[in-house]
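> this one's sequence-less:
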């Protein structure tokens with residue numbers, strides 16, 4: 001579905017990205033696809049990947065959390081919220097999924113940092129990967145200012 005794609009992971013930064021994407025899509029009458037990814041692997045000792053298998057319950061919980069975040073943002077935006085919002089949850093690697101979903105998108109939106117990683121990094125690994133490899137323009141929405 002062409003339009004705006006936003007990746008969220010429940011972090012504060014992703015909530016800023018979601019609100020920005022919803023406002024942008026709503027004002028331009030574009031459909032919005034909200035993507036959340038349940039990561040299925042993490043690097044372990046010596047570079048060996050640990051793979052997790054989900055029974056589907058984790059995906060359902062991730063999708064429900066994303067739908068709740070969309071509902072909260074829509075309530076804040078009122079008439080500026082988009083009329084068409086699709087929420088999708090995937091099992092995989094967040095950067096890979098978002099880059100794949102950018103194939104037909106007009107715009108990809110991500111937060112500057114996500115739920116994982118190191119708090120002092122200016123940009124998270126997913127936003128960095130998206131900026132370098134997405135198939136459409138990318139907006140990286142900064143989080144709250146730290147004093």
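Done, it's in. Note that the structure is a prediction, hence the values are computed from the model and not measured.
> Give me the residue at the spatial middle of the chain.
Central residue check for the chain by CA atoms, centre = their mean: the C-alpha nearest the mean position is that of residue 7, 1.1 Å away.
> Work out for me the element it sits within.
Take DSSP states H and E as the rule and residue 7 turns out to sit in strand 4-8.
> quick one: strands adjacent to that strand?
strand 32-39 (parallel), strand 107-111 (parallel) (DSSP bridges).
> Any chance of a markdown table for the ones you listed, columns mean pLDDT?
Converted to a markdown table, the strands paired with strand 4-8 look like this (pLDDT from 0 to 100):
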| stretch | mean pLDDT |
| --- | --- |
| strand 32-39 | 94 |
| strand 107-111 | 96 |
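> any chance of the ones you listed in TSV, plus distance to residue 26?
All C-beta atoms are positioned from the backbone trio N, CA, C, and that covers glycine. Formatted as TSV, the strands paired with strand 4-8 follow (distance: least, CB to CB, whole Å):
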stretch	distance to residue 26
strand 32-39	8
strand 107-111	13
